[in-house]
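Asker: Prediction below, plus the sequence it came from.
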Amino acid sequence: MKLVVENVGFEIGGKKILSDVNYSFAEGKRTAIIGPNGAGKSTLLKIICLLNEKFFGKVTLDGEDIKTLGRKKISQVMAILPQEKENPADLTVRQLTFFGRFPHRKIFGGETKEDIEEVERALKITRMKEFENRQVSTLSGGERQRAWLAMTLAQNPKILLLDEPTTYLDISHQLEVMEIVSGLNKNFGMEIIMVLHDINHVRIYCDEVVVIKNHEIFAAGEPEKILTAETVEKIFEVKADTFINSQGKKIIMPTSVLKK
Ligand code: ADP
Ligand code: MG
């Protein structure tokens, strides 16, 4: 779907949180949003899916204003995995996954065949089927993140928004999440917009990158072009070097904080 952000801004108590953001997301692609802590990345993600409605400017989906479309319509096509998630007490993985079906439910409707199929599909893709009857609170970090991902997938979104999906995970579980997400894009054409911190994940797993710094877009485009050692130094104020890995790919390595 065509998602376009026009002159978007957001303020709290006179403090600028985002200003003058203009961006046309690449349809059906994987886009990363990166930038320092507090830059406004999560705020932008929440604006896009109408979790934050008090923004200035305009966001359109296939040419229609998202404020006119409203929360229910938006949640039928967009799902978000937020940065902070409350641990659902006494819920099994399967019950949590079913929550993803709410936007598609009729007010007094029960579970439909489609609900069950989507839940099964989400559990399978995230490899959570074997954990379906486990309490979410008993899962490891990697399993828990996959359970939340199953819930967002059961929503069967056309656009999937992920806010730091790999934070707190070890290296192998980080890559596992990136592979699952890339598979969703490749196999189902799901459009992905995700906030990431790892520059090399962006370079390997994303088609586009939007850099947010000081509450506005600092740079945007192809990761290989945007995320060079030189620009990484400017974005994060660190010293960075370039290495070539065993597959001949350039890897950017931040090595120290630049003295101010
Ligand atoms: P990021 O995700 O890039 O780390 P956020 O979008 O979460 O940044 O936040 C950007 C800035 O806005 C931060 O300085 C944060 O403290 C501030 N902010 C976000 N939400 C609120 C809020 N509800 N009240 C006050 N300040 C907020
Ligand atoms: Mg954030």
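Answerer: Sure, I can see it. Numbering: from 1, shown residues only. Ligands and ions are numbered 1, 2, ... in the order given.

Asker: ok, residue 208 - contacts?
Answerer: Under the criterion of Cβ atoms under 8 Å, 6 or more residues apart in numbering, the neighbours of residue 208 are 25-26, 29-32, 220-223. For the C-beta atoms, the positions are set from N, CA and C on the backbone; glycine is no exception.

Asker: Please name the spatially closest residue to it (chain neighbours excluded).
Answerer: Spatial nearest neighbour of residue 208, excluding adjacent residues (Cβ to Cβ, 6 or more residues apart in numbering): residue 31 at 4.4 Å.

Asker: now do residue 129
Answerer: residue 123 (4.5 Å).

Asker: What mean pLDDT does the one helix or strand residue 80 maps to get?
Answerer: Assigned by DSSP states H and E, residue 80 belongs to strand 78-81. The average of the pLDDT scores along strand 78-81 is 96.

Asker: Equivalent analysis for stretch 87-104, please.
Answerer: For stretch 87-104, the per-residue pLDDT averages 90.

Asker: What's the end-to-end length of it?
Answerer: By Cα to Cα, to the nearest Å, the extent of stretch 87-104 from end to end equals 23 Å.

Asker: just stretch 11-31 next, same as before
Answerer: End to end - Cα to Cα - stretch 11-31 spans 25 Å.

Asker: residues in contact with that stretch?
Answerer: Applying Cβ under 8 Å, 6+ apart, the contact partners of stretch 11-31 are 1-10, 40, 43-44, 47, 55-57, 181-182, 185, 189, 191-194, 205-210, 212, 215-217, 220.

Asker: Write out the residues of the stretch 1-150 of the chain neighbouring ligand 1.
Answerer: 12, 17, 35, 37-43 (Cβ under 6 Å from any ligand atom).

Asker: Nearest to residue 246, out of the residues you listed: which one, please.
Answerer: Comparing these against residue 246 with Cβ to Cβ picks out residue 35 as the nearest, at 29.6 Å.

Asker: distance of that closest one from ligand 2?
Answerer: 9 Å (Cβ to the ion, to the nearest Å).

Asker: And the buried ones among the contacts of stretch 11-31, selectable in PyMOL?
Answerer: A single PyMOL command selects the buried members of the contacts of stretch 11-31 (16 or more other Cβ atoms under 10 Å):
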select buried, resi 3+5+8+9+10+40+43+44+47+55+57+181+185+191+192+193+194+205+206+208+209+210+212+215+216+217+220
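
Asker: Now intersect the contacts of stretch 11-31 with the strands, please.
Answerer: Of the contacts of stretch 11-31, the ones assigned to strands by DSSP state E are 3-10, 56-57, 191-194, 208-210, 212, 216-217, 220.

Asker: So which of the residues you listed reach ligand 2?
Answerer: Among those, proximity to ligand 2 is found for none (Cβ under 5 Å from the ion).

Asker: Can you get me a residue count around the residue nearest to residue 208?
Answerer: 22 (other Cβ atoms under 10 Å).

Asker: which other residues reach stretch 240-247?
Answerer: With Cβ under 8 Å, 6+ apart, stretch 240-247 has contacts from 228-230, 232-233, 250-255.

Asker: What are the buried residues along that stretch?
Answerer: Buried, per 16+ other Cβ under 10 Å, within stretch 240-247: residue 240.

Asker: Check stretch 60-68 too.
Answerer: Counting neighbours by 16+ other Cβ under 10 Å, one finds that the buried residues in stretch 60-68 are 60-61, 66.

Asker: how about those in JSON lines, adding secondary structure and distance to residue 128?
Answerer: Output for these, formatted as JSON lines (DSSP: H, G, I helix; E, B strand; the rest coil; distance: Cβ to Cβ, whole Å):
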{"residue": "60", "secondary structure": "strand", "distance to residue 128": "34"}
{"residue": "61", "secondary structure": "strand", "distance to residue 128": "29"}
{"residue": "66", "secondary structure": "helix", "distance to residue 128": "30"}
